[in-house]
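Student: Need coordinates for the below:
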Amino acid sequence: MGRIPEIRLYAEHGALVARDGLSICFYMRRSHGELAQGVIRSLETYVRAVGPQALGWYVDLNGDWQELDTHSWAHLWRDLHERSGLIVELSDNPGGARQYQFEYYGRSLDSPLFVNDPDVVSAVSFWLPSEYLEKHGPVRVRELALELAAPLPFNSGHAGLAINALMQLQSVSAQLRPWSFRYPGLDMQSMVTLAEDIGTRVQGAHWLTFLGQPVLSELGGAAGLRSRLASADIRVQELEGERAVMTLGEWPEAGDSEKGQQLPLYRELARVLEPWLHHGRYRWHEFSEEDMRRWERRFLD
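Tutor: Sure thing, here's the model as predicted:
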């Protein structure tokens, strides 16, 4: 499909280390104990949407991949219910870039490790392959994102095109660097680093941009946000729990700077959100500090 650039990067030994897809992410300045029931509901929604066979592997306490069977599913549900904090990573394969993936960083924010750091959050992400969008269409993907968001008391979140990549590999980030500037609508952020420093700020402008507190109130609520946006193609929908979602056009777009496709709707929303945008502490391999700031401000400069 022309809207989505097909990106596939392979390591020398043949493993797929980067591919295009869609990510749905939420950031919550809440401890896991407050989030457990909502995260469980969202994960159940995701599994129903993609099918239980889509998630066949999980990372154990030693950081090793193990097959996800009936016993390990039961153990996971119990941990989500009972533990005060945990990290969960599920995927369709144990190596390389994934089509389907669930990540959750459930913090205990009153623990000595986090109690004095206001920027640490609990965070969750759900990944889909681009083929899911092609098969089911943007209306269904948007409905799924809203279903995933419903039980989560998020401060912010987003959904749209993204590159699922092993960014910790130097060779991968080096190869992705030119594409990151060519296709501004492809998100490339790492959930693990964002969970350490995003706080209640907003990661950026996306096809779907979710806003909760305190940013939404500081913008004057959903009505105040709508009044700041000139384009009728940006849809603002108020959600329960003093939350809202902005939708930028019918389809998620990657853009293409080489063809002059600068994504004006994304740029308009980014300008409105600029005072609340997140600026990360960390940079990727082969990205200088200047590169990172340029990427973060790709819809502003």
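Student: How much space separates residue 244 from residue 86?
Tutor: 29 Å (Cβ to Cβ, to the nearest Å). C-beta here means a position set from N, CA and C on the backbone, and glycine is covered the same way.
Student: the more surrounded of those two?
Tutor: residue 244 (20 against 17; other Cβ atoms under 10 Å).
Student: Could you check the worst-scoring helix or strand of the chain on mean pLDDT and say which residues are buried?
Tutor: The weakest-scoring helix or strand in the chain, judged by mean pLDDT, DSSP states H and E, is helix 170-182 (a mean of 80). Buried residues in helix 170-182, counting neighbours by 16 or more other Cβ atoms under 10 Å, are found at 172-173, 175-177, 179-180, 182.
Student: what does stretch 51-70 give?
Tutor: 54-59, 68.
Student: and what of stretch 136-149?
Tutor: 138, 141-142, 144-146, 148-149.
Student: what pLDDT, on average, does stretch 54-64 get?
Tutor: For stretch 54-64, mean pLDDT is 93.
Student: can you give me the strands for the stretch 101-250 of the chain?
Tutor: For the stretch 101-250 of the chain, the strands defined by DSSP state E, counting those that start in this stretch occupy 101-106, 122-129, 156-165, 208-211, 234-239, 243-248.
Student: Please render those as JSON lines that adds distance to residue 43 and mean pLDDT to the earlier fields.
Tutor: Converted to JSON lines, the strands of the stretch 101-250 of the chain look like this (distance: least, Cβ to Cβ, whole Å; pLDDT from 0 to 100):
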{"stretch": "strand 101-106", "distance to residue 43": "6", "mean pLDDT": "97"}
{"stretch": "strand 122-129", "distance to residue 43": "8", "mean pLDDT": "97"}
{"stretch": "strand 156-165", "distance to residue 43": "15", "mean pLDDT": "94"}
{"stretch": "strand 208-211", "distance to residue 43": "18", "mean pLDDT": "98"}
{"stretch": "strand 234-239", "distance to residue 43": "20", "mean pLDDT": "97"}
{"stretch": "strand 243-248", "distance to residue 43": "20", "mean pLDDT": "98"}
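Student: what sits against the residue lying closest to residue 133 once chain neighbours are set aside?
Tutor: Of all residues not flanking residue 133 in the chain, residue 141 sits nearest, at 5.5 Å (Cβ to Cβ, 6 or more residues apart in numbering). With contact set as Cβ atoms under 8 Å, 6 or more residues apart in numbering, residue 141 has these partners: 22, 128, 132-133, 159, 252.
Student: With residue 160 instead?
Tutor: Residue 160 touches 22-23, 185, 187, 206-208, 252, counting by Cβ under 8 Å, 6+ apart.
Student: Save these as CSV, and put in neighbour count and distance to residue 72 too.
Tutor: Listed next are those as CSV, based on neighbours: other Cβ atoms under 10 Å; distance: Cβ to Cβ, whole Å:
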residue, neighbour count, distance to residue 72
22, 24, 26
23, 23, 24
185, 25, 36
187, 23, 30
206, 26, 32
207, 26, 33
208, 22, 31
252, 25, 33
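Student: The buried residues of stretch 51-70: which two are farthest apart?
Tutor: Largest separation among the buried residues of stretch 51-70 by Cβ to Cβ: 54 and 59, giving 16.3 Å.
Student: Could I get the pLDDT score of the residue nearest to residue 133?
Tutor: 98.
Student: Just give me how far stretch 53-70 sits from the chain centre.
Tutor: Counting by Cα atoms, centre = their mean, to the nearest Å, stretch 53-70 is centred 21 Å from the centre of its parent chain.
Student: got a list of contacts for that stretch?
Tutor: 47, 72, 76, 87-95, 99-100, 102.
Student: For residue 258, grab phi and psi.
Tutor: Backbone torsions for residue 258, taken as degrees, to the nearest 10, come to phi -70, psi -20.
Student: ok so, going back, out of the contacts of residue 160, the closest to residue 13 would be?
Tutor: residue 23 (26.0 Å).
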